[in-house]
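**Q** Structure for this input, please:
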Amino acid sequence: TRLAHPDVRTMRRVLQQSLRRANLAAKASRSLATVSPGSDADLAKVIQSSSNLVVIDWTATWCGPCRMVAPEFEKMSEEHKDVTFLKADVDVLQASAQQAQISAVPSFHFVKDGALLDTVAGADVEKVKMLVEKHK
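**A** Sure thing, here's the model as predicted:
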């Protein structure tokens, strides 16, 4: 076997790192179908202005089960364009979380025309899917 010249190995390693970074950047720049309100006022505005079903995923960055359901929630948002999917971080939207009486994350609220139709406490993705179909 022939050993590659150190400069060739270095160039190969740099190219591989650049490709990895480019792939990560491409994944990060993909448009997401879910919306993450930045303030309690933004959350209220989205809920009040929507005539469609709004599904709120009450989540937290430190929550393991929240991270597990996130890809499924995103997939649902891509499949149901007639439903508004929101990710509401309880640490960012503390007043809204308190008003909504969130005691566990993840929790899911189903709202239509300003009225709370249903809730799911916990990472029960199948129940969330069933309620999306029921209320949309």
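**Q** For stretch 116-130, what does the pLDDT average out to?
**A** Averaged over stretch 116-130, pLDDT sits at 96.
**Q** Could I get the CA-only coordinates of that stretch as PDB?
**A** What follows is stretch 116-130, C-alpha atoms only, in PDB (Å, rounded to 0.1, in the frame of the first residue of the first chain):
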ATOM      1  CA  LEU A 116     -59.900  24.800  22.800                       C
ATOM      2  CA  LEU A 117     -61.200  21.600  21.300                       C
ATOM      3  CA  ASP A 118     -58.900  18.900  22.700                       C
ATOM      4  CA  THR A 119     -55.600  18.400  24.500                       C
ATOM      5  CA  VAL A 120     -53.000  15.600  24.700                       C
ATOM      6  CA  ALA A 121     -50.500  15.500  27.500                       C
ATOM      7  CA  GLY A 122     -47.400  13.500  26.700                       C
ATOM      8  CA  ALA A 123     -45.700  12.200  23.600                       C
ATOM      9  CA  ASP A 124     -48.700  10.300  22.200                       C
ATOM     10  CA  VAL A 125     -48.100  10.900  18.500                       C
ATOM     11  CA  GLU A 126     -50.800   8.500  17.300                       C
ATOM     12  CA  LYS A 127     -53.400  10.300  19.400                       C
ATOM     13  CA  VAL A 128     -52.200  13.700  18.000                       C
ATOM     14  CA  LYS A 129     -52.600  12.300  14.500                       C
ATOM     15  CA  MET A 130     -56.100  11.000  15.200                       C
END
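**Q** Give me the distance from the helix or strand hosting residue 131 to the chain's centre.
**A** Element membership for residue 131 (DSSP states H and E) is helix 125-135. Here helix 125-135 is found 16 Å from its chain centre; the criterion is CA atoms, centre = their mean, to the nearest Å.
**Q** next one: stretch 99-115
**A** For stretch 99-115 - counting by CA atoms, centre = their mean - the centre lies 15 Å from the chain centre.
**Q** end-to-end on it?
**A** 14 Å (CA to CA, to the nearest Å).
**Q** Go through stretch 57-66 and flag the buried ones.
**A** For stretch 57-66, the neighbour count (16 or more other CB atoms under 10 Å) marks 57-60, 63, 66 as buried. (Glycine included, C-beta is placed from N, CA and C.)
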